[in-house]
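S.K.: Just to be clear, the model below is a prediction. Sequence and coordinates:
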Amino acid sequence: MKVTSYISLIIVSLVLLQCGKQPAFDSLVPYQDKENSYWGYIDFNGKIKIDPSFKNLPGLFYEGYALIATTDGSIDYINKAGNEYERNYIDATDFQEGIAFAIKEDEYPYILNSELEEVRVLEKVDEINIPSEGLICFKNTRGKWGYMNKEFEVIINPTYDAAYSFSDGLALIQKIEYDTTGESKIEKVLLGFIDSEGNEVIKPTRNLSIVRSFSEGMAAYSDASGWGWGFIDKTGKKVIRAKEEWQHVTDFNEGVASIQISGLWGLINKKGEIILNCKYNDPIVFSNGLAAVQKDDKIGFINKKGKWIIEPVFDDILLDFTHRKAIVEKSNFFIFINKKGKQIRDKEFYNIDFPVALHSSVRSDFFDIESVLDTLISQISVESINGLSESTSLSEAMKIYHLTNSDLPEDSQDKYIELQNINMDEEIDITTILKFNKNVSIPIKQFTSYNYWWYYEEIVGYKPNTSAKLNSIEFEIDLAGRKEGKADKLAKGFKTLFEQYSYNMDEKSSSDEKFVLNGPDNGIKAIIKFGDDYVSVTIDM
């Protein structure tokens, strides 16, 4: 039997609470047949609704459909009749408010309707969440977040550096600003909340170091790491001020929140008063008036006064009373119990399991190769790249790339300049290196008096070596996340670009992981190397 830890319930509860109010799943849960180890579904009365026919653990049902991973790792949907829809998606969400999103290889997100029809593709959308309170939170390909309605019309423009789904009428948003008044650029993270019309109800501020979404009119916040937790109301007022001894808190649920002091958990009300002393090892999360707690390695249920309503006689718990019946483990079998702790229909199951929470978002698999090419190579010809050629001096190159003497390497022997990295997104990191035929930095020296009769020579800066000429340009592109494994496509994109300008493939020098292209009249040579997660392009002048 697969053993399910009591901690799993805590994780489920905290995920549901701290992500805002989550939709309830349909009243079916996956169970595993002991004889063939396949999975089916039962209802909360222990009746078998879908015979065990799935090799992999399926998900919970939301609005009539559940997700399931196939043996090759792709994602399909199943309906309540047990029929599997073979879609072979890379990723997909659960349904909410009649909508789901799915991802195919190398494509932007697809919209699915309640009939599992692919309605359309959301181009230029990099990440998208399922609807919440009628609005859909999304990120565009420029890394900015906004909101659209269920007709997929943008109603709050994508201007935020981070944003979250609506909960309790408000959405948490983040802006990043930079203070450039000093010697170094300082990043400032501002957190605030907007309403469904985009009005900043709580203006973005640095006064909230950490804040979570609203639940029951209050949102948990912390002034800084180690400063404890408190709660704000919908005006931004700190109605329960952060207390240093409150190490962690849950969101408010059924009128109470759980707090941790000295490693143990208790309860507070909406006035911040402790109504149940901190003496439990795990957060106390209520569902339909009861919360599971542990005592002497056994699980039972208490009310908000800490009174045992169901004595601690169970070995483990899988699901609380979200559906008015709980799933617990006793004597190595899973059973359903009612709110009096009585077993339902004397049914016992070998194994019951399901994912921690609904799958609420997907990210595009589309790789915009053209944008990478356009970012790196703005101009190409027989004799030059980006206005650079073998006759380009160091001073001319510095003008083209807007470099100053402070960008020169502090080593007079270096023959290259490494430009500032380009982060196109969190998955594409680009470094450009200009290489020259001579050292690029010449020290600027001056004599400094040590005392009345002794002077020494000191380097006070560097200036460009005006006799240095460009040898080559290198682009080093590191790919991460979803972009890993797509290096060959990017490399072929570079190859195609050079071929458009009459560069010819050098078959003898090329290989499965390297393209070598010669420019017309034996001029510029392009060398493209690639692996699983990188592409390196060297352009020899």
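M.R.: Everything's here; your move.
S.K.: Can you list the residue ranges for strands in the stretch 251-400 of the chain?
M.R.: Under the criterion DSSP state E, counting those that start in this stretch, strands of the stretch 251-400 of the chain are mapped to 257-261, 264-268, 274-280, 286-287, 290-295, 298-302, 308-314, 316-319, 326-330, 333-337, 351-352, 361-363.
S.K.: need these in JSON lines with mean neighbour count and mean pLDDT, can you?
M.R.: To be clear about C-beta, it is placed using only N, CA and C from the backbone, and glycine gets the same treatment. As requested, these are exported to JSON lines (neighbours: other C-beta atoms under 10 Å; pLDDT from 0 to 100):
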{"stretch": "strand 257-261", "mean neighbour count": "24", "mean pLDDT": "98"}
{"stretch": "strand 264-268", "mean neighbour count": "21", "mean pLDDT": "98"}
{"stretch": "strand 274-280", "mean neighbour count": "16", "mean pLDDT": "97"}
{"stretch": "strand 286-287", "mean neighbour count": "22", "mean pLDDT": "96"}
{"stretch": "strand 290-295", "mean neighbour count": "22", "mean pLDDT": "96"}
{"stretch": "strand 298-302", "mean neighbour count": "21", "mean pLDDT": "97"}
{"stretch": "strand 308-314", "mean neighbour count": "16", "mean pLDDT": "97"}
{"stretch": "strand 316-319", "mean neighbour count": "23", "mean pLDDT": "94"}
{"stretch": "strand 326-330", "mean neighbour count": "24", "mean pLDDT": "96"}
{"stretch": "strand 333-337", "mean neighbour count": "21", "mean pLDDT": "96"}
{"stretch": "strand 351-352", "mean neighbour count": "20", "mean pLDDT": "96"}
{"stretch": "strand 361-363", "mean neighbour count": "19", "mean pLDDT": "95"}
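S.K.: Tell me which of these lies nearest to Glu458.
M.R.: With C-beta to C-beta as the measure, strand 361-363 is the member of the strands of the stretch 251-400 of the chain nearest Glu458 (52.8 Å).
S.K.: which residues touch that closest one?
M.R.: Residues outside strand 361-363 that contact it (C-beta atoms under 8 Å, 6 or more residues apart in numbering) are 91-93, 101-103, 109, 126-130, 482.
S.K.: So what are the sheet partners of it and their directions?
M.R.: Partner strands for strand 361-363, per DSSP bridges, with pairing direction: strand 125-129 (antiparallel).
S.K.: returning to what we had before: buried ones among the contacts of strand 361-363?
M.R.: Members of these that pass the buried threshold by neighbour count (16 or more other C-beta atoms under 10 Å) are listed as 91-93, 101-103, 109, 126-130, 482.
S.K.: hang on, the earlier thing: turn the strands of the stretch 251-400 of the chain into TSV, columns for distance to Thr538.
M.R.: As requested, these are exported to TSV (distance: least, C-beta to C-beta, whole Å):
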stretch	distance to Thr538
strand 257-261	55
strand 264-268	58
strand 274-280	62
strand 286-287	61
strand 290-295	61
strand 298-302	63
strand 308-314	65
strand 316-319	57
strand 326-330	60
strand 333-337	61
strand 351-352	56
strand 361-363	31
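S.K.: Can you say which of the ones you listed is nearest to Ile417?
M.R.: Closest to Ile417 of those, according to C-beta to C-beta: strand 361-363, at 34.9 Å.
S.K.: Distance of Thr496 relative to Leu490?
M.R.: For Thr496, the distance to Leu490 under the criterion C-beta to C-beta, to the nearest Å works out to 11 Å.
S.K.: Domain map for the protein?
M.R.: Taking automatic domain parsing as the domain assignment, the ranges for the chain are 6-363, 369-540.
S.K.: least reliable of the ones you listed going by mean pLDDT?
M.R.: The stretch with the lowest mean pLDDT among those is domain 369-540, at a mean of 86.
S.K.: I'd guessed Arg345 sits against Ile48; true?
M.R.: No - Arg345 is beyond contact range of Ile48, at 11.8 Å (criterion: C-beta atoms under 8 Å).
S.K.: Looking at the two, which is more packed in?
M.R.: More crowded of Arg345 and Ile48, by other C-beta atoms under 10 Å: Ile48, with 14 against 10.
S.K.: in what helix or strand does the nearest residue to that one once chain neighbours are set aside lie?
M.R.: Leaving aside its chain neighbours, Ile48 sits nearest to Ile42 (5.5 Å; criterion: C-beta to C-beta, 6 or more residues apart in numbering). Ile42 is part of strand 39-43, with elements assigned from DSSP states H and E.
S.K.: Can you give the distance of that strand from its chain's centre?
M.R.: Taking the mean of its C-alpha atoms, strand 39-43 sits 31 Å from the chain's own mean (C-alpha atoms, centre = their mean, to the nearest Å).
S.K.: Stretch 116-128 too?
M.R.: That offset, for stretch 116-128, works out to 18 Å (C-alpha atoms, centre = their mean).
S.K.: Please name the residues that touch the nearest residue to Gly40 once chain neighbours are set aside.
M.R.: Of all residues beyond its chain neighbours, the one nearest Gly40 is Pro52 (3.6 Å), with distances taken as C-beta to C-beta, 6+ apart. With contacts taken as C-beta under 8 Å, 6+ apart, Pro52 has the following neighbours: Tyr31, Gln32, Asp33, Asn36, Tyr38, Trp39, Gly40.
S.K.: follow-up on the earlier one: Thr496 and Leu490 - which one has more neighbours?
M.R.: Set side by side, Thr496 and Leu490 show unequal neighbour counts under other C-beta under 10 Å, the larger going to Leu490 at 22 against 11.
S.K.: Quick check: the more buried one touching Ile369?
M.R.: Yes - with contact defined as C-beta under 8 Å, Leu490 reaches Ile369; the gap is 5.6 Å.
S.K.: Buried residues in the strand holding Ile42, which are they?
M.R.: Using 16+ other C-beta under 10 Å as the burial criterion, the residues of strand 39-43 that qualify are Trp39, Gly40, Tyr41, Ile42, Asp43.
S.K.: just checking, Ile369 touches Ala487?
M.R.: No - Ile369 is not in contact with Ala487 according to C-beta under 8 Å; the separation is 10.9 Å.
S.K.: ok, residues contacting stretch 372-386?
M.R.: Counting contacts by C-beta under 8 Å, 6+ apart, the residues outside stretch 372-386 that touch it are 387, 389, 392, 400, 422, 424, 428, 430, 432, 473, 475, 477, 490, 493-494, 497-498, 501-502, 519-521, 523-524, 537, 539.
S.K.: Using PDB, write down the CA coordinates of that stretch.
M.R.: The C-alpha atoms that make up stretch 372-386 are tabulated as PDB, following Å, rounded to 0.1, in the frame of the first residue of the first chain:
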ATOM      1  CA  VAL A 372      16.700  36.100 -30.600                       C
ATOM      2  CA  LEU A 373      18.100  36.600 -34.100                       C
ATOM      3  CA  ASP A 374      16.800  40.100 -34.300                       C
ATOM      4  CA  THR A 375      18.300  40.900 -30.900                       C
ATOM      5  CA  LEU A 376      21.700  39.700 -31.800                       C
ATOM      6  CA  ILE A 377      22.100  40.500 -35.500                       C
ATOM      7  CA  SER A 378      20.600  43.700 -36.600                       C
ATOM      8  CA  GLN A 379      22.500  44.000 -39.900                       C
ATOM      9  CA  ILE A 380      24.300  41.400 -42.000                       C
ATOM     10  CA  SER A 381      26.200  41.700 -45.300                       C
ATOM     11  CA  VAL A 382      29.100  40.100 -47.200                       C
ATOM     12  CA  GLU A 383      31.700  42.200 -45.300                       C
ATOM     13  CA  SER A 384      30.200  43.100 -42.000                       C
ATOM     14  CA  ILE A 385      27.900  42.000 -39.100                       C
ATOM     15  CA  ASN A 386      26.100  44.700 -37.100                       C
END
